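Participant: Got a predicted structure plus its sequence, pasted below:
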Amino acid sequence: MSQDHIGVFDSGIGGLTVVQALYDKDPNLSIRYFADTKFFPYGDREQSEITDRVIESAQVMVESGCQLLIIACNTACSAALEYLREYITVPVVGIEPPLKPAAQNTISKRIVILATEGTVSGDRLAKLEADYGNDVAVDSIPMPGLADMIENGDIISEKLISKLKISLQKPISLGADALALGCTHYGFLSGALKQVLPKNILIFDPADAVARRALDLIKENRLLQLSTYKNDIQYQVSGNHQLFNLAVNKIRASGGNIPPMTRGKFMDFKGKRVD
C-alpha cells in the first residue's frame, strides 16, 4: 500500500524551492516530487497541452497516495489550476507571483515581477495586478531563457548575472524597491540577485507562503499520519534522470538549498512504474 504523502509537481527543478521550504518547516514530512522535465519548459506550450499534462500527472500522483498536491509552477497554475480542482479529490495548493506582499511593502510604490513569458501573459497575473496593483506601478518583466539556465544548474554565472542586470536596470533606475519572483526556479537566484540589486530592494519568494498554506491544510484536515523521523524526499522526472541529478548537484555546489532526495518508485504521468 502506498504511503500517504504530500505531492509536489513542477515542470522542472524549480519546485524544489517549495520542497525546501516544506522541509525547513518539518523534515518529518513524507514528500514526493514529480518534475515533468520531458516537456520543460512549459512557457512556450499551448495552454490546452499544459492543462492535459497537469491533470494526467495529478491523477497518477493521487493514485500513488498523495493526500495534498502542490502545483509549484506558475505557468501550470495559470493554465490549469481551476480545471485541476474539478478533476481530483485531494486539496490542491497553487502558486502565484507574490505581487500582493510586494505591493503592500513597497515605499516607492514601484515593484518588479520577474516571470516566464507564459506567466506574464497569463490571466492569473492580470487578475493579481487588477486586484492589488492599482496603487503601485508594476513592471512585469518576461525572462525568456532564464528558467532554462537554472534548469541546467546555472544560478550564478556571469552570463546569468548579466541577463539579470540588463532586465532590471530600467525598473531599478525608476526607483523600484520590491521584487516579486514569478517563477519557482528563480528562488535559487538569491546569490545572483544580491550582486545585481541595491540593498534597499526587498525580494519576495512565494515558496514559504505556499509551504505554510500546505501545512495549515494538513493540520486542519488531518491529512497525514506524520512520522517521527526525518524523511528523504522521493522524486521522479519524466525526462533524463542523469541531467536532473547533474543540475541538482551543480545548484548545491553553487550554494543553492536543496533538501536530501532519493529516487524512489513512482508513477510517471503515462502510468509507467520507474524503479
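Facilitator: Nice, thanks for sending it over. Numbers count the residues shown, from 1 in each chain.
Participant: remind me which residues of this structure are low pLDDT?
Facilitator: Scanning the chain for pLDDT under 70 picks out the ranges 1-2, 223-232, 264-275.
Participant: where along it do the helices fall?
Facilitator: In the chain, the segments counted as helices under DSSP state H are 16-25, 47-63, 74-87, 99-105, 117-120, 123-132, 146-151, 158-173, 190-196, 207-221, 241-253.
Participant: now those as CSV including distance to residue 139 and mean neighbour count?
Facilitator: Where C-beta positions appear, they are placed from N, C-alpha and C, glycine not excepted. Below are the helices of the chain laid out as CSV (distance: least, CB to CB, whole Å; neighbours: other CB atoms under 10 Å):
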stretch, distance to residue 139, mean neighbour count
helix 16-25, 23, 23
helix 47-63, 24, 19
helix 74-87, 17, 21
helix 99-105, 11, 19
helix 117-120, 11, 22
helix 123-132, 11, 16
helix 146-151, 16, 21
helix 158-173, 4, 15
helix 190-196, 15, 15
helix 207-221, 22, 17
helix 241-253, 27, 15
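Participant: Could you save the ones you listed as CSV and add columns showing distance to residue 32?
Facilitator: Shown next, in CSV, are these (distance: least, CB to CB, whole Å):
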stretch, distance to residue 32
helix 16-25, 10
helix 47-63, 7
helix 74-87, 17
helix 99-105, 29
helix 117-120, 25
helix 123-132, 25
helix 146-151, 20
helix 158-173, 30
helix 190-196, 26
helix 207-221, 13
helix 241-253, 15
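Participant: To residue 184, which of the ones you listed lies closest?
Facilitator: helix 16-25 (5.1 Å; CB to CB).
Participant: and the direction of the closest one versus that of helix 207-221, what angle?
Facilitator: 60 degrees (axes from the mean of the first three to the mean of the last three CA atoms, to 10 degrees).
Participant: going forward can the numbers begin at 440, since that is how I track them
Facilitator: New numbering, starting at 440: the last item is helix 455-464.
Participant: packing partners for helix 455-464?
Facilitator: strand 444-449, strand 470-474, helix 646-660 (3 or more CB pairs under 8 Å, 6 or more residues apart in numbering; DSSP states H and E).
Participant: what residues are up against the most centrally placed residue in the chain?
Facilitator: Central residue of the chain (CA atoms, centre = their mean): residue 623, 3.0 Å from the mean position. Neighbouring residues of residue 623 by CB atoms under 8 Å, 6 or more residues apart in numbering: 449, 453, 454, 456, 457, 511, 512, 513, 534, 645, 646.
Participant: what residues are up against the spatially closest residue to it that is not a sequence neighbour?
Facilitator: Excluding the flanking residues, the one nearest residue 623 by CB to CB, 6 or more residues apart in numbering is residue 453, at 3.6 Å. By CB under 8 Å, 6+ apart, the contact list for residue 453 reads 511, 512, 586, 589, 590, 622, 623, 624, 625, 626, 627.
Participant: thinking again about what came up before, from residue 597, how far off is the residue nearest to the centre of the chain?
Facilitator: 24 Å (CB to CB, to the nearest Å).
Participant: Same check on residue 531?
Facilitator: Counting by CB to CB, the gap from residue 531 to residue 597 is 39 Å.
Participant: Which residues are in contact with residue 617?
Facilitator: 541, 542, 544, 545, 549, 550, 551, 640, 641, 643.
Participant: Break the protein down into its domains, please.
Facilitator: Domains of the chain are assigned by automatic domain parsing as 444-534+646-713, 538-643.
Participant: Can you give the distance from the longest one to the centre of its chain?
Facilitator: Using CA atoms, centre = their mean, to the nearest Å, we find the averaged C-alpha position of domain 444-534+646-713 to lie 9 Å away from the chain's own average C-alpha position.
Participant: cool, stretch 523-540 as well?
Facilitator: Using CA atoms, centre = their mean, the offset of stretch 523-540 from its chain centre is 12 Å.
Participant: ditto for stretch 548-559
Facilitator: Stretch 548-559 has its C-alpha centroid displaced from the chain centroid by 15 Å (CA atoms, centre = their mean).
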